[in-house]
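[1] Got a sequence here, can you model it:
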Amino acid sequence: MTDLRTLFSLEEWKLLQFSALWVFQTVAVADGKIDEGEVRALGRELSEAHLYHNALASQTLQTLSDDFGAIYKLFKADERGARAGLAAVADLVEERVGLDEARSFKLALLLLGRNIARAEGG
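    I've put the predicted structure just below:
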């Protein structure tokens, strides 16, 4: 499999990794709190990143999983909210991988959100 990180700067790749965390955060706090089931669902999605059909989403989630603690710390320090961050991600992937691949990446993020939303409570 081609290493898609070569298409992006380190800062841009971090932005892609943050996209999964913005999706998680948005879905998980929709009911007012993040529960254990939602955290487990995120962990499951990261551990099964290789199953995502979109290569960019798969690699993004795999690299997030590989260094989750450090990336999460950077994410918490980032001042962008989910709306601005995900809009920047959408623009970035459309520019770098084209509209079809970008659409597939965004659909993968929706799948991630759906799977977190379906998580059983803690």
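[2] list the contacts for the residue nearest the centre of the chain?
    By C-alpha atoms, centre = their mean, the chain has its centre lying nearest to residue 20, at 1.6 Å. Residue 20 is in contact with 45-46, 60-61, 64, 109, 112, counting by C-beta atoms under 8 Å, 6 or more residues apart in numbering. All C-beta spots, glycine's among them, are computed from the backbone N, C-alpha and C.
[3] Just the element for it, please.
    Assigned by DSSP states H and E, residue 20 belongs to helix 10-28.
[4] Just the CA trace of that helix, in PDB.
    Extracted in PDB, the C-alpha atoms of helix 10-28 (Å, rounded to 0.1, in the frame of the first residue of the first chain):
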ATOM      1  CA  LEU A  10       3.400  16.900   8.900                       C
ATOM      2  CA  GLU A  11       1.000  19.700   9.900                       C
ATOM      3  CA  GLU A  12      -1.500  18.600   7.300                       C
ATOM      4  CA  TRP A  13      -1.300  15.000   8.400                       C
ATOM      5  CA  LYS A  14      -1.900  16.000  12.000                       C
ATOM      6  CA  LEU A  15      -5.000  17.900  10.700                       C
ATOM      7  CA  LEU A  16      -6.200  14.600   9.100                       C
ATOM      8  CA  GLN A  17      -5.600  12.800  12.400                       C
ATOM      9  CA  PHE A  18      -7.500  15.500  14.300                       C
ATOM     10  CA  SER A  19     -10.500  14.900  11.900                       C
ATOM     11  CA  ALA A  20     -11.300  11.600  13.600                       C
ATOM     12  CA  LEU A  21     -11.000  13.200  17.000                       C
ATOM     13  CA  TRP A  22     -13.400  16.000  16.000                       C
ATOM     14  CA  VAL A  23     -15.900  13.500  14.800                       C
ATOM     15  CA  PHE A  24     -15.500  11.500  18.000                       C
ATOM     16  CA  GLN A  25     -15.800  14.500  20.200                       C
ATOM     17  CA  THR A  26     -18.900  15.900  18.300                       C
ATOM     18  CA  VAL A  27     -20.800  12.600  18.400                       C
ATOM     19  CA  ALA A  28     -19.800  11.600  21.900                       C
END
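[5] Now the following helix or strand past it: average pLDDT?
    With elements assigned by DSSP H and E, the helix or strand that comes after helix 10-28 is helix 36-47. The average pLDDT within helix 36-47 is 96.
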